[in-house]
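**Student:** what would the 3D arrangement of this be:
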Amino acid sequence: MSSIKENKDKRYVVKMGTVFVAGNPFEWTSGLGLELTHELRFTDEITSVWYTEDLEEAELVSNEYGGEIHVLNIGLEPA
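**Tutor:** Numbers count the residues shown, from 1 in each chain. Model (predicted):
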């Protein structure tokens, strides 16, 4: 169970060490729906990070690859 409470006014990002996940780590697969791509890109620029308003998506990435979930406010400034 997550210690972060879902809030639709927040955006969730995944940080691994000193870098954030960049680009969408999900792809639509015919018949299967949304799946992880297993190809991650990274950035240290906060304005270039991949983010989601869906806590479950952030948890999927974090659980699969490790890393921490961080919460950003709507203006992409650190919360």
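**Student:** for stretch 46-66, measure first residue to last.
**Tutor:** Start and end residues of stretch 46-66 are separated by 19 Å (CA to CA, to the nearest Å).
**Student:** then stretch 30-44?
**Tutor:** 32 Å.
**Student:** three-state assignment of the residue of the chain most remote from its centre?
**Tutor:** Farthest-out residue of the chain from its mean C-alpha position, per CA atoms, centre = their mean: G31, at 23.5 Å. Judged by DSSP: H, G, I helix; E, B strand; the rest coil, the three-state class of G31 is coil.
**Student:** tally of neighbours for G66?
**Tutor:** The tally of other residues near G66 (other CB atoms under 10 Å) stands at 10. No exception for glycine: its C-beta is placed from N, CA and C like everyone else's.
**Student:** touching, it and M16? I think so.
**Tutor:** Yes: contact status for G66 versus M16: in contact at 6.3 Å, counting by CB atoms under 8 Å.
**Student:** so what sits opposite the closest residue to L60 other than its chain neighbours in the bridge?
**Tutor:** The shortest distance from L60 to any non-neighbouring residue, by CB to CB, 6 or more residues apart in numbering, is to L36 (6.6 Å). With DSSP bridges as the criterion, L36 is bridged to F26.
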